[in-house]
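Enquirer: Got a sequence here, can you model it:
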Amino acid sequence: MVIEHDGFGAELRRRRVAAGMSLSELAGKVYCSRSFLSRVENGRRRASLELAQLCDEVLDAKGALVGLAPLPGTDAVPKAVRGGAGERAAGTVRSPEKKDGRYDHVEFRRLLRRGDLSHAAGEMREAERHYTAAYRGAEGDPRAQAEAVIRMARRWSDPGQVDRELLQSLRGCLAALDGDGSAEAAGLRLRLEAHLAKKMALAVSQDTAAGLAGPAEGARLAEDTLRRLPDDGDDEVRCEVLTECRWARYDFMPAPESLTLSERLREAAARQDSPYFRGEALMAVAIDQLRNGRIFSALATANQYRKHAADTHSVLARWQRHTLDALLDLWHGRFDAAAEWIFVESLKFIELLRADYAVPADNLTQTRLGQAYWLLRQQGRLAELFTSDLAGDVERHAYFPVWRAGLALALCETGQYAEGADLFLGCVADVDRFPPSGWAVPALVLLAEVCAALDLEGGFDAELAPVLPTLRARLAPHDGEQIALGGWPTVLLGPTARACGVLALAAGEPETALEHFRRAAVPARSSQPELARLRLAQARAVRRVGGPGSEPNAVRLLREASRGAESYGMTWLGGQCERLAGEPGRA
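Expert: Down below sits the predicted model:
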């Protein structure tokens with residue numbers, strides 16, 4: 001009985017014959033029997049996604065065969081690669097048996113390859129089963145075991161938390177390779193150290209670190225590893241080290257330096273021609289372009305990532321593509337499109353991946369939570385935060401200072417100023433423990449927004465005066481055309497220069513504030529919603545400067561801000577514009 005209707009078998013046969021390859025040759029390369037492959041070509045057996053991926057790679061079909069393969073699971077979101085029925089039932093994958101006291105190298109490579117396919121499809125738990133089996137089967141070969149652990153380390157980890165088990169495995173492999181002077185071992189050590197550095201740096205603070213191995217120690221290890229990375233040599237080593245060390249140093253180096261590393265990674269990934277590293281490089285470049293205020297360059301990179309996500313057929317690549325699109329929708333004021341993803345489609349992804357244990361669901365939950373929070377803020381609907389389960393999610397992630405700052409801002413913008421001020425002061429007390437860059441920037445920008453809300457309300461001078469110098473000093477290195485990026489990536493919170501400006505305004509320096517706002521106008525011009533917020537801040541500063549013509553200029557800015565707020569449905573911002581327009585002289 002012919003059961004194939006999508007043309008996969010016919011296309012497979014056409015490409016195999018065109019490549020001059022026999023059924024037996026192809027079957028040996030994709031780890032299946034000749035008879036099974038023959039039935040697939042004749043349409044009598046349905047190919048798994050894993051088999052389609054293997055055939056696609058061997059025949060260099062560039063995604064054509066994968067695109068014809070039937071996707072298991074729901075039509076809306078493809079389930080990731082699975083093992084065989086026996087493997088699924090047992091929940092484990094058998095390690096290669098030893099022959100004559102030595103492990104089966106061919107079977108080891110097969111397990112790694114199957115793990116790579118599962119990882120590429122977004123099924124990280126399934127990938128880890130294959131990598132673990134390969135690791136156990138390679139007992140006695142430190143280099144092979146190091147290769148398996150490096151693959152394990154590529155998995156996503158819970159944000160802000162340290163994977164202690166993986167840290168131990170990485171250190172164990174480094175110890176096992178000690179004294180091995182081969183070039184292969186040197187490359188493995190660099191890759192292991194790069195992963196170790198990133199895993200150490202994932203802790204938000206020393207409170208969530210593994211002993212004394214905190215974020216700063218991870219960043220230092222990454223810096224040392226990068227110094228020892230040869231300018232030539234194995235591109236896989238270069239890609240791995242640049243990928244992991246960039247993340248390890250993300251919170252400890254300026255945004256322009258991070259972009260330089262991302263560009264180096266993109267060049268190395270192009271030479272390596274690895275879908276995994278190509279995706280990592282494109283996302284890294286997009287993130288750093290956004291942080292540096294290069295919005296239009298980021299749009300071009302985002303288009304390249306969309307093509308990459310379509311080619312890989314990975315559910316996680318699709319997730320990242322959609323979250324990047326939602327980030328840009330929020331920035332450009334396409335709030336309806338963003339809402340469709342945030343409140344409808346993203347939930348399907350999260351529920352599917354949580355049910356399959358594909359990735360730590362907290363990665364996805366926090367990204368969606370951040371985008372939902374910012375959409376509600378932009379639309380003046382933050383009151384809904386406290387009438388839904390979102391506020392509870394924010395509080396559960398309060399070990400991230402950015403969430404505490406966001407909650408303080410939500411309290412202020414819903415009229416709960418005293419409560420917001422209390423939470424704000426608690427956040428500022430921890431500012432000295434923030435890293436110099438990375439996640440500290442969006443947290444500081446949100447704290448600046450709280451200052452602006454308290455300053456606009458009035459009556460909080462005693463609370464603001466002692467903390468303003470600290471906040472201004474911490475944000476000063478990020479002044480200019482940079483944009484605060486929350487998450488990796490989640491939302492753009494606005495130009496850092498505008499945050500510097502509202503802090504100067506609250507400190508009683510309106511002229512200085514206007515200088516900051518002039519710098520903020522450069523990156524803000526790519527976002528009409530952001531321009532509306534900037535014009536409101538400029539109007540307040542102009543009124544505080546005073547002098548001839550200041551009031552008509554302030555009124556003009558308020559009208560422009562009000563029109564922008566009305567066009568994009570930003571009700572809270574529109575209300576503030578009306579309030580100030582109706583009270584001449586109020587700033």
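
Enquirer: C-alpha from now on. contacts and neighbour counts both.
Expert: OK.

Enquirer: Spell out, range by range, the strands that occur in the stretch 401-550 of the chain.
Expert: Secondary structure of the stretch 401-550 of the chain by DSSP state E, counting those that start in this stretch: the strands cover 483-486, 491-495.

Enquirer: Looking at those strands, which is nearest to Ser297?
Expert: Closest to Ser297 of these, according to C-alpha to C-alpha: strand 483-486, at 13.7 Å.

Enquirer: That closest one pairs with which strands, parallel or anti?
Expert: strand 491-495 (antiparallel) (DSSP bridges).

Enquirer: which residues are in contact with the partner strand?
Expert: 290, 293, 327, 330-331, 370-371, 374, 442, 445-446, 481-486, 520, 523-524, 530 (C-alpha atoms under 8 Å, 6 or more residues apart in numbering).

Enquirer: ok, back up a step: highest mean neighbour count out of the strands of the stretch 401-550 of the chain?
Expert: strand 483-486 (a mean of 28; mean count of other C-alpha atoms under 10 Å).

Enquirer: quick check, distance from that one to the centre of its chain.
Expert: Relative to the centre of its chain, strand 483-486 is centred 12 Å away, using C-alpha atoms, centre = their mean, to the nearest Å.

Enquirer: mind exporting it as CSV, just the C-alpha atoms?
Expert: Coordinates of the C-alpha atoms in strand 483-486 are reproduced here as CSV (Å, rounded to 0.1, in the frame of the first residue of the first chain):
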residue,chain,number,x,y,z
ILE,A,483,19.4,51.5,23.2
ALA,A,484,18.6,49.5,26.3
LEU,A,485,17.8,45.9,25.4
GLY,A,486,16.0,43.7,27.9
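
Enquirer: which outside residues touch it?
Expert: Contacts of strand 483-486 with the rest of the structure, by C-alpha under 8 Å, 6+ apart, involve 290-293, 370, 439, 441-442, 445, 491-496, 523.

Enquirer: Tell me where the stretch 51-200 of the chain is predicted with low confidence.
Expert: Applying pLDDT under 70 to the stretch 51-200 of the chain flags residues 70-102.

Enquirer: what ranges do the helices span in it?
Expert: 64-68, 85-90, 105-120, 124-137, 142-153, 164-177, 183-201 (DSSP state H, counting those that start in this stretch).

Enquirer: Quick check: which of those is nearest to Asp362?
Expert: Nearest of the helices of the stretch 51-200 of the chain (C-alpha to C-alpha): helix 124-137, 14.3 Å.

Enquirer: Just give me how far the closest one sits from the chain centre.
Expert: On C-alpha atoms, centre = their mean, the centre of helix 124-137 falls 24 Å from that of its chain.

Enquirer: Next, the angle helix 142-153 makes with it.
Expert: If you take axes from the mean of the first three to the mean of the last three C-alpha atoms, to 10 degrees, helix 124-137 sits at 170 degrees to helix 142-153.

Enquirer: Output stretch 458-478 as PDB, restricted to C-alpha atoms.
Expert: C-alpha atoms of stretch 458-478 as PDB (Å, rounded to 0.1, in the frame of the first residue of the first chain):
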ATOM      1  CA  GLY A 458       5.900  65.500  42.700                       C
ATOM      2  CA  GLY A 459       6.500  65.200  46.400                       C
ATOM      3  CA  PHE A 460       9.300  62.600  46.300                       C
ATOM      4  CA  ASP A 461      12.300  64.900  46.300                       C
ATOM      5  CA  ALA A 462      13.600  63.500  49.600                       C
ATOM      6  CA  GLU A 463      13.600  60.000  48.200                       C
ATOM      7  CA  LEU A 464      15.100  60.900  44.800                       C
ATOM      8  CA  ALA A 465      17.900  63.300  45.900                       C
ATOM      9  CA  PRO A 466      20.200  60.700  47.600                       C
ATOM     10  CA  VAL A 467      20.000  58.100  44.800                       C
ATOM     11  CA  LEU A 468      20.100  60.200  41.700                       C
ATOM     12  CA  PRO A 469      24.000  60.600  41.700                       C
ATOM     13  CA  THR A 470      24.400  56.900  41.800                       C
ATOM     14  CA  LEU A 471      22.000  56.200  39.000                       C
ATOM     15  CA  ARG A 472      23.500  58.900  36.800                       C
ATOM     16  CA  ALA A 473      27.000  57.700  37.400                       C
ATOM     17  CA  ARG A 474      26.100  54.100  36.500                       C
ATOM     18  CA  LEU A 475      24.300  55.100  33.300                       C
ATOM     19  CA  ALA A 476      26.900  57.700  32.100                       C
ATOM     20  CA  PRO A 477      29.200  55.100  30.300                       C
ATOM     21  CA  HIS A 478      26.200  54.100  28.200                       C
END
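
Enquirer: Could you pull out the buried residues of that stretch?
Expert: Residues of stretch 458-478 classed as buried: Phe460, Leu464, Val467, Leu468, Leu471, Arg472, Arg474, Leu475, His478 (neighbour count, 16 or more other C-alpha atoms under 10 Å).

Enquirer: next one: phi and psi at Arg334?
Expert: With angles defined as degrees, to the nearest 10, Arg334 sits at phi -90, psi 70.

Enquirer: any idea of the pLDDT on it?
Expert: As predicted, Arg334 sits at a pLDDT of 98.

Enquirer: And the one 3 residues further on, by the same measure?
Expert: Predicted confidence (pLDDT) for Ala337: 97.

Enquirer: Contacts only, for the nearest residue to it once chain neighbours are set aside.
Expert: Leaving aside its chain neighbours, Ala337 sits nearest to Asp329 (6.8 Å; criterion: C-alpha to C-alpha, 6 or more residues apart in numbering). By C-alpha under 8 Å, 6+ apart, the contact list for Asp329 reads Phe335, Ala337, Ala338.

Enquirer: a markdown table for the strands of the stretch 401-550 of the chain, including mean pLDDT and distance to Arg136?
Expert: Output for the strands of the stretch 401-550 of the chain, formatted as a markdown table (pLDDT from 0 to 100; distance: least, C-alpha to C-alpha, whole Å):
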| stretch | mean pLDDT | distance to Arg136 |
| --- | --- | --- |
| strand 483-486 | 97 | 39 |
| strand 491-495 | 98 | 41 |
